[in-house]
Structures are given as C-alpha cells and as structure tokens.
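# Take a look and give me a structure for this.
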Amino acid sequence: MYDTLLFDLDGTLTDPFEGITNSVLYALEKCGIDERDRCKLAAFIGPPLLDSFRTYYNMDGAQARRALAFYREYYADKGIFENRVYASIPETLAALAARGKRLFVATSKPEYFARKVLGHFSLGRFFSGVAGASMDETRTDKAEVIAYALGTFSLSGEHAVMIGDRKHDVIGAKKNGLPCIGVLYGFGSREELLAAGADALAKTPEDLISLV
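This next block holds a predicted model:
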C-alpha cells in the first residue's frame, strides 16, 4: 500500500516521558513555577515546546523562549537519555525494511537531538533519513517538518504515509496531502487521533506491518 513511511519519534518509536517531564519541571522551577502534577506534563510530548509553554503556562513569547532555554539545559545533559524504546519497535522496523519499505523520521524534536536519540538506541540504522525541527525554532510545526522531509529527501507523497501518536502528526500529514496512521501505544488517545482524521489506528507496533 505504501512504500515510504515517515515516523514520528517521541511517543511512536520511544517513550520519552521521564526525560521530557523532568526537563519541563526543571524549566518551570527555573522560571519560578511550582508544578506538582507530573502527569499533566505529558501534554508537552509531541507539540512544539514553545507552543506548550505558552498554552499551558500562559507565557508570552519571551518567557516561553526563556523556559525553552532552561528546558534544553537539562534535556541536553540528562533528559535526552531518560528514555526507552517501545517494545517490538526494532523488530517492527526490521520487518518493514525487509519488505522493501523506505523509512524516515519526521519529528518536531530538534533534528540534532533526534539523531542523538536514534544513535543512542541503535535505531538510526533502519532509517534512510531524519528530518526534525530547527534549533532556532523557525521550523517546528509538524506540517513544516513533513514538508521539509519530503523536499529534503525528494520523496513523492503518492505512496507515503505518516505514522504518529498525536493529532499534530495527523494534521501535519493532511496539510501535506498524506494519509496518517495513528498509534495508540503513545500519548494521544483514540478520540484525539480519530477527531483529527487519522486514516487507521495501530494498537501495537506490530500492527503497523499489516497496515502498510
């Protein structure tokens, strides 16, 4: 059905809950905000971080950029490795590659950090290319990242599909004329993904093999 697969990273290939929430807590503390509900911070996984600081803590542009700088202080040193690969992801990626699928990563995480995560967990070998956000925040929206991936790697959208766990993956795919498979083992709910227009849902990584 599809020969080109674009994968989200956080919540799709790895579970970054500990590292991202620790990084957000660190940033909030540096900004004088005492947050006790760690589970609330799962909302930061997926969307661009500047948007999340603005949305959930009513920060203006300057405050959000300051919080992001603190976030990266912790994330670059510790948070990036407070992470784990979802069960069966390596086996699923290997099976897809063996079937001749071309695999790419399209993530709103800065590309520099995305490559470090993929290398640390030995996942980079499965992918023909990695497209991520820019460190200067000029490319963070998922639609922009997907467009960047399509252009950078000269990919045709005709037989391509986006795979991700949040509505931002679905919306970004649709803006680029791509279908999207939502994964239910990440951080987005069935309701969120279907409301955004997901074309199919995968309960487990292994389900992706039959869906593509």
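
# name the helices or strands packed onto the longest helix anywhere in the chain?
Longest helix in the chain, counting residues (DSSP state H): helix 61-77. The contact analysis (3 or more Cβ pairs under 8 Å, 6 or more residues apart in numbering; DSSP states H and E) places helix 61-77 against helix 17-30, helix 49-57. For glycine as for every other residue, the C-beta is placed from the backbone atoms N, C-alpha and C.

# make it 10 Å
Here helix 61-77 touches helix 17-30, helix 49-57, strand 102-110, helix 111-120, going by 3 or more Cβ pairs under 10 Å, 6 or more residues apart in numbering; DSSP states H and E.

# Read off the pLDDT value for the residue of the chain positioned farthest from its centre.
Note on the chain: the largest C-alpha distance from the chain mean falls to residue 32, namely 27.9 Å (Cα atoms, centre = their mean). With respect to pLDDT, residue 32 scores 97.

# Show me what the longest helix of the chain is in contact with.
Residues outside helix 61-77 that contact it (Cβ atoms under 10 Å, 6 or more residues apart in numbering) are 16, 19-20, 22-31, 33, 44, 48-55, 57-60, 79-82, 109-110, 112-113, 116, 135, 137.

# One more: stretch 22-32?
Applying Cβ under 10 Å, 6+ apart, the set of residues contacting stretch 22-32 is 16, 33-36, 38, 40-45, 49, 52-53, 56-57, 59, 63-64, 66-80, 82.

# do that again at 6 Å, thanks
Stretch 22-32 is contacted from outside by 35, 41, 44, 67, 70-71, 74-75, 79, using Cβ atoms under 6 Å, 6 or more residues apart in numbering.

# PyMOL command for the buried members of the residues you listed?
Listed next is the PyMOL selection for buried residues among the contacts of stretch 22-32, using 16 or more other Cβ atoms under 10 Å:
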select buried, resi 41+44+67+70+71+74+75+79
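
# Rebuild the contacts of stretch 22-32 as a markdown table, extending it with pLDDT and distance to residue 151.
Formatted as a markdown table, the contacts of stretch 22-32 follow (pLDDT from 0 to 100; distance: Cβ to Cβ, whole Å):
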| residue | pLDDT | distance to residue 151 |
| --- | --- | --- |
| 35 | 96 | 38 |
| 41 | 96 | 33 |
| 44 | 95 | 28 |
| 67 | 98 | 31 |
| 70 | 98 | 33 |
| 71 | 97 | 28 |
| 74 | 97 | 33 |
| 75 | 96 | 28 |
| 79 | 97 | 30 |
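
# Switch the contacts of stretch 22-32 over to TSV; also include distance to residue 200.
Converted to TSV, the contacts of stretch 22-32 look like this (distance: Cβ to Cβ, whole Å):
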residue	distance to residue 200
35	36
41	29
44	26
67	36
70	39
71	33
74	36
75	32
79	32
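
# Relative to residue 152, which of the contacts of stretch 22-32 is nearest.
Using Cβ to Cβ, residue 75 is the member of those that sits closest to residue 152, with 24.3 Å.

# how near is the closest one to residue 4?
30 Å (Cβ to Cβ, to the nearest Å).

# Now do the domain split for this structure, please.
Taking automatic domain parsing as the criterion, the chain consists of the domains 4-15+83-211, 17-81.

# Quick check: which of these is buried the most?
domain 4-15+83-211 (a mean of 19; mean count of other Cβ atoms under 10 Å).
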